[in-house]
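Undergrad: sharing a model prediction with you, sequence too.
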Protein chains: 2
Amino acid sequence: MMDKDPPAGLFRVEHRVTPADRRAMNGHGGGVLWLTGLSGSGKTTLALALEQHLSLKGYQAYVLDGDNIRGGLNSDLGFSPQDRDENIRRIGEVSALFAEAGFIAITAFISPYAKDRRRARAIDPARFREVHVNADLETCERRDPKGLYRKARQGRITDFTGISAPYEIPENPDLVIHTGNESVANSVSTLLGFVETEFGAAGSMDRVA
Amino acid sequence: MMDKDPPAGLFRVEHRVTPADRRAMNGHGGGVLWLTGLSGSGKTTLALALEQHLSLKGYQAYVLDGDNIRGGLNSDLGFSPQDRDENIRRIGEVSALFAEAGFIAITAFISPYAKDRRRARAIDPARFREVHVNADLETCERRDPKGLYRKARQGRITDFTGISAPYEIPENPDLVIHTGNESVANSVSTLLGFVETEFGAAGSMDRVA
């Protein structure tokens, strides 16, 4: 009974289900696939396709992107430099929680600054993989799926990555996907293989459980 | 090829794995168990024990508590009224993401204000369950596992819930657990049954997938 002298073992239950337990249960480890690249490079397309394919293979996978972050967790943030910084910081923290919970968290944000990506990695480096979704600016601007490049060229959007704000190309990404010259199917295959190698049952993550 | 005219179907992959897909995969739906109660009422003990038991039963379950939130996602927040408010707001948003991803998210925070709990529920009401971890103040103060009540009585902690700040008792909680007069094992059994009824394979959440 908790209201009198608690037995010595009362708090013995107070430990978490471990990543190793979750790995055994799910058949794969948890990790973060941090997709970074220009607007229009294909991050969201790849993230959602990868989530589907991983799910069909029995993986626990979840995409964090503007759709489910900007309207909720980060609805208090605007687009000032500090707010953009805080936006990426929180996404790093939430994706690390998902990874700890055993998921393949796939993030799809431009995340143009190397220091922001380094900080996201530093939360849980063993589970973090930086994926450069690499298409050159011309390609992205030609696609312009949301019409944002046009607006940026017209000066109707300021601080637009690639036009009026820098994109710092990843220097040592864990994987590069060349979406400018290969099909979505090809890119997804590469990503699937990467996830399996890095976080799958036989993957290197066995070392860190 | 993505760099030329993309085929019409290029973006057909852009939809999420649905909650129904995840339910089929996991054998249960996603949800938030929002544990609220005084410091010392047993929220963390119950949350971690429930996580373990759910995990053993094959559930995807994950505890959000001070341990994994205060040092990471909410490390920028202090204990001012605004910061406490923002603390609970973010936890509400993150737990809703976990629920959408198919997890039973178990939150263990005092969350003393009804308006904060209402806001957390409002994010995704169909998946949200408020659980009042109910032990009276005398019991919690006698337990005082972290010595906080003593410090609060000495005035060394200000705005301490139950002593120098209010705890607004849930008026219509979805479940009440009386940790003052039942064993941890008993409380956990009640919670397990509740989760199974609300989010299990045969549970009412079938209606919302």
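TA: Cool, got the structure.
Undergrad: the lowest-mean-pLDDT helix or strand in chain A near chain B at all?
TA: Taking mean pLDDT, DSSP states H and E as the measure, the helix or strand of chain A with the lowest value is helix A:66-69, at a mean of 92. Yes: Helix A:66-69 reaches chain B (Cβ under 8 Å from any Cβ of the partner chain) through residue A:68. For every residue, glycine as well, the C-beta is placed using N, CA and C.
Undergrad: any buried residues in that helix, and which?
TA: Across helix A:66-69, burial judged by 16 or more other Cβ atoms under 10 Å in any protein chain shown covers A:68, A:69.
Undergrad: and the next helix or strand after that helix, what does it pack onto?
TA: Using DSSP states H and E, the helix or strand that directly follows helix A:66-69 along the chain is helix A:81-100. Where contact means 3 or more Cβ pairs under 8 Å, 6 or more residues apart in numbering or on different chains; DSSP states H and E, helix A:81-100 is packed against strand A:31-36, strand A:61-65, helix A:66-69, strand A:104-108, helix A:114-123, helix B:81-100.
Undergrad: adding distance to residue A:81, write these out as JSON lines.
TA: Listed next are these as JSON lines, based on distance: least, Cβ to Cβ, whole Å:
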{"stretch": "strand A:31-36", "distance to residue A:81": "18"}
{"stretch": "strand A:61-65", "distance to residue A:81": "21"}
{"stretch": "helix A:66-69", "distance to residue A:81": "18"}
{"stretch": "strand A:104-108", "distance to residue A:81": "20"}
{"stretch": "helix A:114-123", "distance to residue A:81": "11"}
{"stretch": "helix B:81-100", "distance to residue A:81": "20"}
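Undergrad: confidence-wise, which of those is weakest overall?
TA: Mean pLDDT is lowest for helix A:66-69 out of the helices and strands packed on helix A:81-100, coming in at a mean of 92.
Undergrad: can you give me how far that one is from the chain middle?
TA: Distance of helix A:66-69 from its chain centroid, counting by Cα atoms, centre = their mean, to the nearest Å, is 12 Å.
Undergrad: could you do stretch A:176-194 as well?
TA: 16 Å.
Undergrad: stretch A:130-144 vs chain B: in contact?
TA: Yes: judged by Cβ under 8 Å from any Cβ, stretch A:130-144 and chain B are in contact via A:135, A:139, A:142, A:143.
Undergrad: weed out the non-buried ones from those residues.
TA: A:135, A:139, A:143.
Undergrad: surely the first one and residue A:39 touch.
TA: No: using Cβ atoms under 8 Å, residue A:135 is not in contact with residue A:39; the gap is 10.2 Å.
Undergrad: for chain A, give me the ranges with low pLDDT.
TA: Along chain A, the model assigns pLDDT under 70 to residues A:1-14, A:203-209.
Undergrad: closest to the centroid, which residue in chain A?
TA: Among the residues of chain A, residue A:107 comes closest to the average C-alpha position under Cα atoms, centre = their mean, at 2.3 Å.
Undergrad: that one pairs with what?
TA: residue A:34, residue A:64 (DSSP bridges).
Undergrad: mind listing what it touches?
TA: A:32, A:33, A:34, A:35, A:47, A:63, A:64, A:65, A:91, A:95 (Cβ atoms under 8 Å, 6 or more residues apart in numbering or on different chains).
Undergrad: what's the farthest-apart pair in these?
TA: The span of the contacts of residue A:107, defined through Cβ to Cβ, is set by A:32 and A:65 at 13.5 Å.
Undergrad: those two - which one has more neighbours?
TA: Neighbours were counted for residue A:32 and for residue A:65 using other Cβ atoms under 10 Å in any protein chain shown; residue A:32 has more, 29 against 18.
Undergrad: surely that one touches residue A:105?
TA: Yes: the criterion here is Cβ under 8 Å, and residue A:32 meets it with residue A:105 at 4.9 Å.
Undergrad: common neighbours of the two, please.
TA: Contacts common to residue A:32 and residue A:105, judged by Cβ under 8 Å, 6+ apart, are A:95, A:96, A:98, A:99.
Undergrad: want to throw those into JSON lines with distance to residue A:24?
TA: What follows is these, written out as JSON lines (distance: Cβ to Cβ, whole Å):
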{"residue": "A:95", "distance to residue A:24": "22"}
{"residue": "A:96", "distance to residue A:24": "21"}
{"residue": "A:98", "distance to residue A:24": "18"}
{"residue": "A:99", "distance to residue A:24": "16"}
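Undergrad: show me what counts as buried in the strand or helix carrying residue A:198.
TA: Assigning secondary structure by DSSP H and E places residue A:198 in helix A:184-199. Within helix A:184-199, the residues that count as buried by 16+ other Cβ under 10 Å are A:184, A:187, A:188, A:190, A:191, A:192, A:194, A:195, A:196, A:198, A:199.
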